[in-house]
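S.K.: Quick one, what's the 3D model for this:
(one chain, ligands or ions: 1)
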Amino acid sequence: MTSFNPEEIQKRLSLPADLRLPVSVVDKLNRTPTLDQPLTRKNRRASLSEIGFGKLETYEKLDKLGEGTYATVFRGRSILTNKFVALKEIRLEQKEGAPCTAIREVSLLRNLRHANVVTLHDIIHTDRLLTLVFEYVDRDLKQYMDTCNNSMNMNNIRLFLFQLLRGLSYCHQRRVLHRDLKPQNLLITAKGELKLADFGLARAKSVPTKTYSNEVVT
Ligand code: AMP
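M.R.: Model prediction:
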């Protein structure tokens, strides 16, 4: 059986650069036959599960950050990276299962990777909860505007607008319409980066349809 070092495993599984694999996990992965075989989606999923992805115990839940249309968002910490994450908890109804907003958000965001779109790191599915694990961003634009008494510096407005349009352009090139742009859904990092978030009302324009619901915002 081939033995892989941590860097080779990181590359092979396309893991984020800030994730440091503990020696015990590297050893365990090297003993699983799937790592040795051609990398199929099933193999990759099995190896990610060995590392701790898809498991609630990988994340420590901290304080509440906000309430969305269909979920509650908490600050958390990843045991894998020791960094903050945002845990978006969606309660699953016994009969109805996952709400369509959650299914939309997951299916669209899984395929979007851009500096101006919030990154979805992990998905955890239990009987009662669906938890989406996102990169943690310091605040949203509404909170930012509140701190500057609604009079924002013109240069910052330009920078935010530019990033908003760049993120949207990326989504539109991939035929994804956000449809719910508002300050609460635009996250701002401490460095002033803007990231589009909450794709619960978004949809793929590539799905052929004659009608689009008008119950959307933007
Ligand atoms: P949402 O359900 O996505 O609209 O999120 C509700 C609120 O939670 C937002 O208005 C933010 O204040 C907060 N929030 C959402 N995602 C994140 C994140 N990735 N990092 C930090 N806060 C977030």
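
S.K.: Could you find the closest non-adjacent residue to the closest residue to the ligand within the chain?
M.R.: Closest residue of the chain to the ligand, CB to the nearest ligand atom: Gly68 (1.8 Å). C-betas here are computed from N, CA, C, even on glycine. Nearest non-adjacent residue to Gly68, counting by CB to CB, 6 or more residues apart in numbering: Asp198, 6.2 Å away.

S.K.: now Lys142
M.R.: The nearest residue in space to Lys142 (CB to CB, 6+ apart) is Pro183, at 3.9 Å.

S.K.: Backbone torsions only: list them for that neighbour.
M.R.: Backbone torsions for Pro183, taken as degrees, to the nearest 10, come to phi -50, psi -40.

S.K.: Pretty sure it sits against Asn150.
M.R.: No - contact criterion CB atoms under 8 Å: Pro183 and Asn150 do not qualify, at 10.5 Å.

S.K.: Neighbour count: the two, which is higher?
M.R.: Pro183 (13 against 7; other CB atoms under 10 Å).

S.K.: list the contacts for Leu129?
M.R.: Contacts for Leu129 (CB atoms under 8 Å, 6 or more residues apart in numbering) come out as 89-92.

S.K.: for stretch 154-161, which positions count as buried?
M.R.: Within stretch 154-161, the residues scored as buried using 16 or more other CB atoms under 10 Å are Phe160.

S.K.: which parts of the protein sit against the ligand?
M.R.: For the chain, the contact set with the ligand under CB under 6 Å from any ligand atom comprises 65-66, 68, 71, 73, 86, 118, 134-137, 140, 184-185, 187, 197-198.

S.K.: okay, now His114: neighbour count?
M.R.: 16.

S.K.: The residue nearest to Gly68 against Asp180, yeah?
M.R.: Yes - with contact defined as CB under 8 Å, Asp198 reaches Asp180; the gap is 6.3 Å.

S.K.: just to revisit the earlier point, the residue nearest to Gly68 belongs to a strand?
M.R.: No - checked against DSSP: H, G, I helix; E, B strand; the rest coil, Asp198 lies outside a strand; its state is coil.

S.K.: Please list all residues in contact with the nearest residue to Tyr170 once chain neighbours are set aside.
M.R.: Distances taken as CB to CB, 6+ apart put His114 closest to Tyr170, at 4.5 Å, once the chain neighbours are dropped. Listed by CB under 8 Å, 6+ apart, the contact partners of His114 are 166-167, 170.

S.K.: next one: phi and psi at His114?
M.R.: Dihedral angles (degrees, to the nearest 10) for His114: phi -160, psi 150.

S.K.: do Val85 as well
M.R.: The phi/psi pair for Val85 (degrees, to the nearest 10) is phi -140, psi 170.

S.K.: Ser78 too?
M.R.: According to degrees, to the nearest 10, Ser78 has phi -90, psi 130.

S.K.: Provide the partner residues of it in its beta bridges.
M.R.: Tyr59 (DSSP bridges).

S.K.: Tell me who's in contact with it.
M.R.: Ser78 neighbours (CB under 8 Å, 6+ apart): 58-59, 84-85, 121, 133.

S.K.: And it, how far from Leu29?
M.R.: For Ser78, the distance to Leu29 equals 18 Å [CB to CB, to the nearest Å].

S.K.: what's the answer for Arg113, then?
M.R.: 24 Å.
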